[in-house]
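Asker: need a structure here:
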Amino acid sequence: MTKSDIPVLPNFFDRYINLADDQQVIDALTQFDTFDKHIARETVEQLGDYRYAPGKWTVRDIIQHVIDNERIMSYRALRFARNDSTELPGYDEELFGLNAQANRRTVADLYDEYALVRQSSIALFRSFDNEMLQRSGVCFHQPMSVLALGFVLVGHALHHANIIRERYL
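Answerer: I've put the predicted structure just below:
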């Protein structure tokens, strides 16, 4: 199924979904299966602990955030695909960022973890048939389809790659 098959674009998350191309969800997920395709590891290493403004994250913090978000959104997709109607809460990205200690990790380690998590997401979405992709649940107090969550994964990573390019490079 493609982005244009999403029945309702969820508020807030639509900004991520709109960044993705209108293609099959697996193709979209595969296009951004590594950060290397968008920002070279060496470039991120050269930035070190640079923050473009006080209180902002480093690039390593951003990559860790993308990894954490990928896991959370994939979990939500799994729950909804399995017809679990439990309303799922949001999460505090700032709290996660403060406690992730991404700056203790190497860029290579973060890039490798992102690639593994994305491969896991791709495998999960490959396991979903069209009926499962059309299922939805409530997240962040609004209905979201499994298909929409797949495109959130794509657009969220693209959004942060764009921020790195625009504000850090």
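
Asker: so how far is Leu47 from Arg71?
Answerer: Counting by Cβ to Cβ, to the nearest Å, the gap from Arg71 to Leu47 is 24 Å. (Each C-beta comes from the backbone N, C-alpha and C, glycine too.)

Asker: so which of these two has more stuff around it?
Answerer: Leu47 (17 against 12; other Cβ atoms under 10 Å).

Asker: what's the nearest residue to that one if we skip its chain neighbours?
Answerer: Counting by Cβ to Cβ, 6 or more residues apart in numbering, Leu47 lies nearest to Val59, which is 5.2 Å off, once chain neighbours are set aside.

Asker: if I follow the layout properly, the one you found ends up in contact with Ile163?
Answerer: No. Assessed by Cβ atoms under 8 Å, Val59 is found out of contact with Ile163, at 9.3 Å.

Asker: pLDDT weak spots in the chain?
Answerer: Along the chain, no part satisfies pLDDT under 70.

Asker: give me the more crowded residue out of Val59 and Ile163.
Answerer: In this view Val59 and Ile163 are compared by other Cβ under 10 Å, and Val59 has more residues nearby, 29 against 15.
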